[in-house]
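Asks: need the 3D shape of this:
(one chain, ligands or ions: 1)
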Amino acid sequence: MQHVYSGKVREIYADGADLLLVASDRVSVYDVVLPTPIPDKGALLTTLSVWWFDRLTDLVPNHLISATDVPAEFAGRAIRCRRLAMVPFECIVRGYLAGSGLAEYRRTGAVSGVELPDGLVEGSRLPEPIFTPTTKVSDGGHDEPATFTDVIDAVGVEVATQLRERSLEIYGRGVERAAAKGIIVADTKLEFGLTEEGVVTLADEVLTPDSSRFWPAEEWQPGRPQHAFDKQFVRDWAASTGWNKQPPAPELPDEIVMLTRARYIDAYEKITDSVWRS
Ligand SMILES: C[C@H](c1ccccc1)n1cc(-c2ncnc(N)c2C#N)cn1
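Replies: Numbering: from 1, shown residues only. Presented below is the predicted three-dimensional model:
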């Protein structure tokens, strides 16, 4: 097994012809990884992602090979997946205005080339969900907006059209399921790759609180930053310490760790309609 890539909270290993996608218990806020792990976070998000993979196969094939055939040290928080030729775009779908999309809208009135109505504010619900891809900037910087034409220029109109249509459909499934449980999925980031046969295949993780903005629906209030379903306790506590949002982040007190773990369990149980094994 060979380590091939590190994300902020996840790793990729090569294992024969396959890859292992390993989720840690680390949490990051304001793009800074916190020193204190959240017990079971990696397992909860991996299990949620697998739950979604299994329910999206009518829309798109995925890279999942196995959620159990993984090294014992990663048991429960890793998947064995098929190696793909990754599409060089993050396929982001937005139903609400937040984060980099809000910043771009304020600058240009559009997001990734999609014109939006005037007068939208932070947290505004968009007239309809929009496909707003970004290119991955190699030096670890912030990703750059890409227009649909940029995607066509890179992968051709057939694949670009599939990326947009599948992304919008997957987001729609997430929104529908979560709304019934009082959770707004404001946006989500999807990654796709191509098989040797050129088949567009869903990769990475799907509709987790790390790849998406989950907001408690009853607290939604356009015009201010929304509360994150999962990370709000961490954000509020960190703000209360006067932390400047630059590394290193402060250690989390046990109470905040356990409250945050409970939020991940709550999101998992609500979305999957099941009880989390401890
Ligand atoms: C950005 C993302 C990443 C995920 C997890 C941790 C760090 C990075 N990533 C995914 C691949 C990738 N490459 C080939 N085949 C695949 N099936 C996948 C997947 N998923 C490469 N990078």
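
Asks: can you give me the helices for the chain?
Replies: All helices of the chain, identified by DSSP state H, fall at 41-55, 99-108, 148-155, 157-179, 232-240, 254-272.

Asks: with just CA atoms, put the shortest one into CSV.
Replies: By that I understand helix 148-155. Taking C-alpha atoms only, helix 148-155 is exported to CSV below (Å, rounded to 0.1, in the frame of the first residue of the first chain):
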residue,chain,number,x,y,z
PHE,A,148,-19.5,25.5,-18.5
THR,A,149,-17.7,26.5,-21.6
ASP,A,150,-14.4,25.9,-19.8
VAL,A,151,-15.6,22.4,-18.9
ILE,A,152,-16.6,21.7,-22.6
ASP,A,153,-13.2,22.9,-23.8
ALA,A,154,-11.5,20.5,-21.4
VAL,A,155,-13.6,17.3,-21.7
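
Asks: list the buried residues for it?
Replies: Using 16 or more other Cβ atoms under 10 Å as the test for burial, helix 148-155 gives 148, 150-152, 155. Heads up, the C-betas are built off the backbone N, CA and C, glycines and all.

Asks: repeat that for the first one.
Replies: For helix 41-55, the neighbour count (16+ other Cβ under 10 Å) marks 41-53 as buried.

Asks: over to the second one?
Replies: Buried residues in helix 99-108, defined by neighbour count with 16+ other Cβ under 10 Å: 100-102, 104-105.

Asks: and the helices of the chain as a markdown table, adding mean pLDDT and distance to the ligand?
Replies: Converted to a markdown table, the helices of the chain look like this (pLDDT from 0 to 100; distance: least, Cβ to the nearest ligand atom, whole Å):
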| stretch | mean pLDDT | distance to the ligand |
| --- | --- | --- |
| helix 41-55 | 98 | 10 |
| helix 99-108 | 97 | 17 |
| helix 148-155 | 98 | 15 |
| helix 157-179 | 98 | 15 |
| helix 232-240 | 95 | 21 |
| helix 254-272 | 98 | 18 |
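
Asks: ok, which of the ones you listed comes nearest residue 83?
Replies: Taking Cβ to Cβ, helix 41-55 is the member of the helices of the chain nearest to residue 83, at 16.3 Å.

Asks: hmm, back to that, now tabulate the helices of the chain in JSON lines and tack on distance to residue 32.
Replies: JSON lines is the format used below for these (distance: least, Cβ to Cβ, whole Å):
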{"stretch": "helix 41-55", "distance to residue 32": "16"}
{"stretch": "helix 99-108", "distance to residue 32": "15"}
{"stretch": "helix 148-155", "distance to residue 32": "29"}
{"stretch": "helix 157-179", "distance to residue 32": "26"}
{"stretch": "helix 232-240", "distance to residue 32": "9"}
{"stretch": "helix 254-272", "distance to residue 32": "15"}
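
Asks: correct me, but residue 211 touches residue 188?
Replies: Yes: if you go by Cβ atoms under 8 Å, residue 211 and residue 188 touch, sitting 5.9 Å apart.

Asks: neighbour count winner among the two?
Replies: residue 188 (24 against 21; other Cβ atoms under 10 Å).

Asks: closest one of the buried residues of helix 41-55 to residue 94?
Replies: residue 52 (18.3 Å).

Asks: residue contacts, the residue nearest to the closest one when sequence neighbours are not counted?
Replies: Spatial nearest neighbour of residue 52, excluding adjacent residues (Cβ to Cβ, 6 or more residues apart in numbering): residue 206 at 4.1 Å. Residues near residue 206 by Cβ atoms under 8 Å, 6 or more residues apart in numbering: 49, 52-53, 56, 62, 170, 190.

Asks: state the pair within the buried residues of helix 41-55 that is farthest apart.
Replies: By the measure Cβ to Cβ, 41 and 53 form the most distant pair in the buried residues of helix 41-55, at 18.6 Å.
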